[in-house]
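> when you get a sec, could you give me coordinates for this:
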Amino acid sequence: MSDKTVTFTIDGMHCGGCVRRVTGALSGVDGVSDVRVEVGTATFVTEDDDGITDEAKAAVAALGFTVTGQQAAS
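Purely as a prediction, here's the structure:
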């Protein structure tokens, strides 16, 4: 496996507080590093070949946001 950079869209984020919450949640997911979040999007590095894992989606969903799109690049 090689590290992949994953970028995805998150619906429901509106402010800096949302950004901080999502950043913290994704930073706590195993296998995720270099998390960067802006209102509406998030980017991180993962070793998972499938890109965003169910665990990362669940971390975002637990905050009340929805992952709506994904683009993975190596």
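
> only C-alpha atoms from now on, for both contacts and neighbour counts.
OK.

> could you say which helix or strand holds the nearest residue in space to residue 70 that is not next to it in sequence?
Closest residue in space to residue 70, ignoring its immediate chain neighbours: residue 8 at 4.1 Å, by Cα to Cα, 6 or more residues apart in numbering. Taking DSSP states H and E as the definition, residue 8 sits inside strand 4-11.

> check residue 55 too.
Using DSSP H and E, the secondary-structure element containing residue 55 is helix 54-61.

> what about that helix, distance to the chain center?
Its chain's C-alpha centre lies 8 Å from the corresponding centre of helix 54-61 when counted by Cα atoms, centre = their mean, to the nearest Å.

> that one: which residues count as buried?
Under the neighbour-count criterion of 16 or more other Cα atoms under 10 Å, helix 54-61 has 56, 57, 58, 59, 60 buried.

> tell me the one of those nearest residue 4?
Proximity of those to residue 4, judged by Cα to Cα, is greatest for residue 56, which lies at 14.3 Å.

> for the closest one, give me the pLDDT.
Confidence at residue 56, expressed as pLDDT, is 87.

> list phi and psi for residue 38.
With angles defined as degrees, to the nearest 10, residue 38 sits at phi -130, psi 160.
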